[in-house]
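**Student:** What would the 3D arrangement of this be:
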Amino acid sequence: MTSENTRPRTVHDQLLALSALAGKVSADLEAHKLKLPKGTADDLHHLKTTLEQVGGKIEVFQREHSNMLALAEIGQVINSSLELDEVARIVMDNIVRLTKAERGFLIFARRKRTDDHPHGAQLGDGIHQLVREERQPHCRPARD
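**Tutor:** Coordinates of the predicted model:
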């Protein structure tokens, strides 16, 4: 069985371990050609697939819950700080962590469109231009 060091830690992992165990029991019973009550093999297979499905749903729920907690933290930061740089840093730290990105950046758009760029930045045809034109958030994977 599992030792204290190898015991699954999350509910999702525990359900997957139980599912694997149900599959192993089913395979062992079939291999030994034991006479089982009618439907036992089907019940074990159903148990295995149900545990896998529940595990997947719990994993999604846990990820969504973590995202909601991060959003709540971002909301608290926004409400508690008037310092734009601090708010932007914390928001970006959370977004990078949630998306498991290596880095991220914010582009602040002015209400009035001008050709002036902060700090002399030259914005080309990339995502900068897309954000400026559409005035909508965009997320892109990194290029290799």
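
**Student:** so which helix or strand takes in A101?
**Tutor:** For A101, there is no helix or strand it lies in under DSSP states H and E.

**Student:** So what does it look like in phi/psi?
**Tutor:** Here the main-chain torsion angles of A101 (degrees, to the nearest 10) amount to phi -80, psi 160.

**Student:** what about it, distance to G39?
**Tutor:** Per CB to CB, to the nearest Å, A101 is found 49 Å from G39. Placement of C-beta: from N, CA and C, glycine included.

**Student:** okay, those two: which has more neighbours?
**Tutor:** A101 (13 against 9; other CB atoms under 10 Å).

**Student:** what about the residue nearest the centre of the chain, which SS state?
**Tutor:** For the chain, R63 is the residue whose C-alpha lies nearest the centre (CA atoms, centre = their mean; 4.9 Å). Recorded secondary structure, R63: helix (DSSP: H, G, I helix; E, B strand; the rest coil).

**Student:** And the pLDDT at it?
**Tutor:** At R63, the model reports a pLDDT of 85.

**Student:** Buried residues of the helix or strand where R132 lies, list them for me.
**Tutor:** In this assignment (DSSP H and E), R132 forms part of helix 127-134. Residues of helix 127-134 classed as buried: 128, 131 (neighbour count, 16 or more other CB atoms under 10 Å).
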